[in-house]
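Peer 1: Predicted model, plus sequence, below.
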Amino acid sequence: MCADGRPRASSAASDLSPMRTEPAPRFRDRAARRMTGRAVVPPYPSRVDLHTHSRRSDGVLEPRELVSAAAAAGVRVLALADHDTLAGVRELCAAGSPDLPLTLLPGVEINSVAAGIDGLWEGELHILGLGIDPDDETFESVLDRQRRLRETRFAMIVERLRNLGMPVDPSAAASTAEAGSSLGRPQIARMLVQAGHAESVDAAMKEVLARGKPGYVARQGIGPQAAIAAIRGAGGLPVLAHFADAPTRRDLVAELVGFGLGGLEVHYRHFDADTVADMATVAASLRLVSTGGSDYHGDGESYAEAHATIFVPDQDATSLFEALDRPLAASTFSPISTLGPISTLGPISTAAPTAKSGSGVPS
């Protein structure tokens, strides 16, 4: 089922000123500080993942492959949040497309360029838009401009690498990109590996393409206030993604709330347990919806492997749908009484996704 306001049966503006143009990393350590504390131990398999990427931006799986993998892992509610594009969502939710084995929430991730704010990781704030209307033309025009800026940056990086004696062939990425897809550094990192210039995607990002490295080119794009406004205008909930410094920069988060921020990614896969607890405190104090997800891209791991390391409570999904003022099917999360005390964490189940009929839910 596509949670985009189109019921289908299922088989299972101004900116934070001033601004600076700097990039965000796509390698594993995305938080502004390294996570070294206690690991989060999932008390039950997560049935919610509100942050994933497909080949329509910088992931490795086709949108339908991602949905199938998530459903096989037990996910009941999935947000596809590709960078600056809703192409994958539209494919999955198009009239006449095969039924989905889970509830799909349309999403997007915007790497907003936030200048004038010291100490930000790569000078950006990443804003997720969850529950976006994929047919909103005004929002699509914003994303289209973002994608065109990405294409310009992509070409500049490729040229810089050629001048550095690290040529790559961009034709493969360009020729396989579907209409509306979003180009970015991870695709270049993969080409660097294929050309023998790097041992892994992570190494290519850290050693070649990150800020301060020889292949770096500054990002251009909208800032956080404009991103938040655009998401709100398209009916979505703006969520600050993987911002581990929120507990020590609460004033900044509060300023974003003043611009319309509605959620905070609390249960992020790469956060340690103490960070999750601190993030939850910030979310509660600012009355933000808690969300969470794997931020799955697929380099070097299957979705099942990534899913095994995340814990996103069912409540994150129910609270999100409530904030969007659209219903989530009552059958989505069926409690299993035999699991006893764990049920205090929310209704839980290890069963595979069950069939559910479409209902009016967010876009």
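Peer 2: Alright, I've got the coordinates.

Peer 1: Heading C-terminal from the worst-scoring helix or strand of the chain on mean pLDDT, find the next helix or strand.
Peer 2: In the chain, the helix or strand scored least confidently by mean pLDDT, DSSP states H and E is helix 171-176, which has a mean of 58. Next helix or strand after helix 171-176 toward the C-terminus (DSSP states H and E): helix 185-194.

Peer 1: so how far is residue 95 from residue 3?
Peer 2: 16 Å (C-beta to C-beta, to the nearest Å). From N, CA and C alone the C-beta is placed, and that goes for glycine too.

Peer 1: any idea how far residue 64 is from the residue nearest to the spatial centre of the chain?
Peer 2: Closest residue to the average C-alpha location of the chain: residue 51 at 3.6 Å, with C-alpha atoms, centre = their mean. In this view, residue 51 and residue 64 are 18 Å apart by C-beta to C-beta.

Peer 1: three-state assignment of residue 169?
Peer 2: The assignment at residue 169 comes out as coil when based on DSSP: H, G, I helix; E, B strand; the rest coil.

Peer 1: So it sits against residue 191, correct?
Peer 2: Yes - here residue 169 reaches residue 191: they are 6.6 Å apart, a contact under C-beta atoms under 8 Å.

Peer 1: Those two: who's more crowded?
Peer 2: More neighbours surround residue 191 than the other of residue 169 and residue 191, with 23 against 11 (other C-beta atoms under 10 Å).

Peer 1: Now the more buried one: closest residue in space that isn't a chain neighbour?
Peer 2: residue 168 (3.9 Å; C-beta to C-beta, 6 or more residues apart in numbering).

Peer 1: residue ranges for the helices of the stretch 1-150 of the chain, please.
Peer 2: Listed in chain order, the helices of the stretch 1-150 of the chain (DSSP state H, counting those that start in this stretch) span 63-72, 87-93, 137-163.

Peer 1: buried set for the shortest one?
Peer 2: Buried residues in helix 87-93, counted by 16 or more other C-beta atoms under 10 Å: 87, 88, 89, 90, 91, 92, 93.

Peer 1: what's it packed up against?
Peer 2: If contacts are counted by 3 or more C-beta pairs under 8 Å, 6 or more residues apart in numbering; DSSP states H and E, helix 87-93 sits against helix 63-72, strand 77-80, strand 103-113.

Peer 1: Kindly recompute the last result at 7 Å.
Peer 2: Where contact means 3 or more C-beta pairs under 7 Å, 6 or more residues apart in numbering; DSSP states H and E, helix 87-93 is packed against helix 63-72, strand 103-113.

Peer 1: go on, the first one?
Peer 2: Helix 63-72 sits against strand 77-80, helix 87-93, helix 303-307, with contacts defined as 3+ C-beta pairs under 7 Å, 6+ apart.

Peer 1: Pull the distance from stretch 126-141 to the chain's centre.
Peer 2: In this view, stretch 126-141 has its centroid 13 Å away from the chain centroid, taken as C-alpha atoms, centre = their mean, to the nearest Å.

Peer 1: Export the buried residues of helix 87-93 as CSV, with columns for pLDDT and distance to residue 274.
Peer 2: Shown next, in CSV, are the buried residues of helix 87-93 (pLDDT from 0 to 100; distance: C-beta to C-beta, whole Å):
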residue, pLDDT, distance to residue 274
87, 96, 38
88, 96, 34
89, 97, 34
90, 96, 39
91, 95, 39
92, 97, 36
93, 95, 38
